[in-house]
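Q: My questions are about this predicted structure, shown below with the sequence.
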Amino acid sequence: QVQLVESGGGLVQAGGSLRLSCAASGSAIRINTMGWYRQVPGKQRELVATITSVGSTVYADSVKGRFTISRDNAKNSVYLQMNSLKAEDTAVYFCNADFVSFLYGTYRSLEVWGQGTQVTVSS
């Protein structure tokens, strides 16, 4: 199985920057798409950005031009550079990965989530 560990959250003033990191560990044949999602209390978890193993990216409209997702395949890690932060970016940010493992005699496509890291932007 694969585990994800996030880091880099914290408190920042509006207009500031933060960089989130997420490292995957464990046994996987291949890690496909990795991404970041966020959630505020009482609302559904929403996509922030995703990146494929070959670097194709998708961003939520609300973060385009401010956030940049990147990836280091050699380190099985994904990053989220967040600039020009706004109060509405305050949320718990979760790392996500789709991966392939060999389990119980067959290849399986699985998904894993990190534990989440709090980002708070003060206005």
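A: The structure has been received and is ready for your questions. Residues are numbered from 1 along each chain as shown.

Q: Any idea what Ser21 is bridged to?
A: Note on Ser21: beta-bridge partners by DSSP bridges are Ser7, Tyr79.

Q: Give me the neighbour count for Ala87.
A: Neighbours of Ala87 under the rule other Cβ atoms under 10 Å: 11. Just so you know, the C-beta spots here come from the backbone N, C-alpha and C atoms, and that holds for glycine as well.

Q: Next one: it from Leu4, what distance?
A: Per Cβ to Cβ, to the nearest Å, Ala87 is found 27 Å from Leu4.

Q: what does Phe94 give?
A: Counting by Cβ to Cβ, the gap from Phe94 to Leu4 is 9 Å.

Q: Overlap of the contact sets of those two?
A: Trp113, Gly114, Gln115 (Cβ atoms under 8 Å, 6 or more residues apart in numbering).

Q: With pLDDT, neighbour count and secondary structure as extra columns, can I get these in CSV?
A: Converted to CSV, the shared contacts of Phe94 and Leu4 look like this (pLDDT from 0 to 100; neighbours: other Cβ atoms under 10 Å; DSSP: H, G, I helix; E, B strand; the rest coil):
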residue, pLDDT, neighbour count, secondary structure
Trp113, 97, 14, strand
Gly114, 97, 22, coil
Gln115, 96, 11, coil
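
Q: quick one: which of those residues is nearest to Gln39?
A: Using Cβ to Cβ, Trp113 comes nearest to Gln39 of the shared contacts of Phe94 and Leu4, at 10.8 Å.

Q: State the distance from the closest one to Ile69.
A: According to Cβ to Cβ, Trp113 and Ile69 sit 16 Å apart.
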